[in-house]
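A.B. asks: Mind looking at a prediction? Sequence and model below.
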2 protein chains.
Amino acid sequence: MISDRVRAWTRGLANGLAQIMDRLGFTPNMLTVLGFLLMIPIGVLLAAGYFRAGAIFILLAGAFDGLDGALARLTDRVTSFGGFLDSTLDRYAEGVLYLGLLVFYQRHPDNVAVVLVYLTIVGSLLVSYTRARAEGAGIACKVGVFTRFERIAVLVLGLFSGWMLPALAILALFSHITALQRIWHVFRQARNAGQP
Amino acid sequence: MISDRVRAWTRGLANGLAQIMDRLGFTPNMLTVLGFLLMIPIGVLLAAGYFRAGAIFILLAGAFDGLDGALARLTDRVTSFGGFLDSTLDRYAEGVLYLGLLVFYQRHPDNVAVVLVYLTIVGSLLVSYTRARAEGAGIACKVGVFTRFERIAVLVLGLFSGWMLPALAILALFSHITALQRIWHVFRQARNAGQP
């Protein structure tokens, strides 16, 4: 997957920035919460129709997003709560971004766009839910075409190009395809483990 | 919690019906999928504005919802995939119901209602996500004021009474409060286990 390669490439940069954050006195959980709070003004930008500015800040926030994990590893402070908080606030961050888009498409009424925004957030949350629920049942479940990285890439491209409706259609469609891929994956894994 | 008592009370009835389903040749997973498919016409009813009919069918579907688990226990076919499929399609079922409401409030334009529907589905999915993600990290997490049972009760009351806006406001607010309660619960559990 593309996301794995990009993650490896950016790890070096993230470690350098994480060291700076450490010296400034930040804890990993503080960075996690800060990264989420940054999403709120971005959601407001989207609601107000500043799509390109929103896209730039989404990319910057995305770069910031890896710092909490990098800092935790660097300072040996990886905790189960830290991972939980990071995952949960990542979901909330998407909720805030798409709320911004929903409000925009109510102010410049577009019923199709509103439904696509709704389908996209439900699909995105289901992609994350299926993984978390599968892992709770002891089954690794990272498969699927549209993980968070691909979703953000399509969203940013849509915001930049002004082709938001096609971008939202792709997001809505492929997030649900990914959720279905994960259901199928869990079915196969469970079957291979001897359960019908 | 109220939900626990009602579940115990209905277990006897569910077991009887599950025996009938077993004789008719249904498997637990077939009932799970069927229960989800029943939600699609209910979503259409809501979109078309037949709120009271929708409410009645939501209650019937809710009664049907316990049958898959009852049948699985009765016939000793409890599987990790069965539990996973049931949880995941429960989330999709809510997605379909609230999509129906979203479409209704676009046809009879009400911007506040559309935003409340959006906030409610995001909150509901986050309530489920936090539990699944916490259990993946080995922390039980059923706490919170607004589990699925309470959400359905408020939704049905709103649909029956015609007071949908207050019902949606309660649903949106308390689902997010529940998600926050769960984040706090995981924090405390992890701290008690000796992790900062």
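C.D. replies: Happy to help now that I have it.

A.B. asks: And the helices in chain A, which stretches?
C.D. replies: Remark: helices assigned in chain A by DSSP state H are A:2-23, A:28-37, A:39-47, A:51-65, A:67-74, A:80-107, A:111-136, A:148-161, A:164-192.

A.B. asks: ok, now which ones touch A:L67?
C.D. replies: Remark: with contacts taken as Cβ atoms under 8 Å, 6 or more residues apart in numbering or on different chains, A:L67 is in contact with A:14, A:17-18, A:21, A:31, A:35. From N, CA and C alone the C-beta is placed, and that goes for glycine too.

A.B. asks: For the residues you listed, give me JSON lines that also has neighbour count.
C.D. replies: Formatted as JSON lines, the entries for the contacts of A:L67 read as follows, by neighbours: other Cβ atoms under 10 Å in any protein chain shown:
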{"residue": "A:A14", "neighbour count": "21"}
{"residue": "A:L17", "neighbour count": "17"}
{"residue": "A:A18", "neighbour count": "23"}
{"residue": "A:M21", "neighbour count": "21"}
{"residue": "A:L31", "neighbour count": "24"}
{"residue": "A:G35", "neighbour count": "21"}
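
A.B. asks: And those, which is closest to A:L159?
C.D. replies: Distance to A:L159 across those (Cβ to Cβ) is lowest for A:G35, with 19.0 Å.

A.B. asks: any idea how far A:V145 is from the closest one?
C.D. replies: Using Cβ to Cβ, to the nearest Å, one gets 25 Å for the distance from A:G35 to A:V145.

A.B. asks: picking up where we left off before, export the contacts of A:L67 to CSV and tack on distance to chain B?
C.D. replies: Supplementary listing: the contacts of A:L67 in CSV, determined by distance: Cβ to the nearest Cβ, whole Å:
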residue, distance to chain B
A:A14, 22
A:L17, 22
A:A18, 18
A:M21, 17
A:L31, 15
A:G35, 15
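
A.B. asks: how close does the residue nearest to A:Q19 when sequence neighbours are not counted get to A:R107?
C.D. replies: The spatially closest residue to A:Q19, leaving aside those adjacent along the chain, is A:L74, at 6.6 Å (Cβ to Cβ, 6 or more residues apart in numbering or on different chains). Using Cβ to Cβ, we find A:L74 at a distance of 43 Å from A:R107.

A.B. asks: More neighbours: which of the two?
C.D. replies: Neighbours per residue (other Cβ atoms under 10 Å in any protein chain shown) separate A:L74 from A:R107, with A:L74 holding more: 17 against 12.

A.B. asks: ok, the closest residue to A:Y129 other than its chain neighbours - contacts?
C.D. replies: Using Cβ to Cβ, 6+ apart and skipping the chain neighbours, the partner closest in space to A:Y129 is B:Y129 (5.2 Å). When contacts are counted by Cβ under 8 Å, 6+ apart, B:Y129 is found next to A:88, A:91, A:125, A:128-129, A:132, B:179.

A.B. asks: so what pLDDT did the residue nearest the centre of chain A get?
C.D. replies: Note on chain A: the residue nearest the mean C-alpha position is A:R148, at 4.0 Å, using Cα atoms, centre = their mean. You'll see A:R148 listed with a pLDDT of 83.

A.B. asks: again with A:R52
C.D. replies: Each residue has a pLDDT score; the one for A:R52 is 97.

A.B. asks: Tell me how many other residues crowd A:L37.
C.D. replies: 12.

A.B. asks: Then A:V156?
C.D. replies: A:V156 has 19 neighbours, counted by other Cβ under 10 Å.

A.B. asks: cool, and A:G138?
C.D. replies: For A:G138, the number of neighbouring residues by other Cβ under 10 Å comes to 11.

A.B. asks: do A:Q106 as well
C.D. replies: A:Q106 is flanked by 22 other residues according to other Cβ under 10 Å.

A.B. asks: Once you drop chain neighbours, what's closest to it?
C.D. replies: Once flanking residues are discounted, A:Q106 sits nearest to B:N111: 4.8 Å by Cβ to Cβ, 6+ apart.

A.B. asks: for chain A, what are the low-confidence residue spans?
C.D. replies: Low-confidence segments of chain A (pLDDT under 70): A:1-2, A:7, A:195-196.
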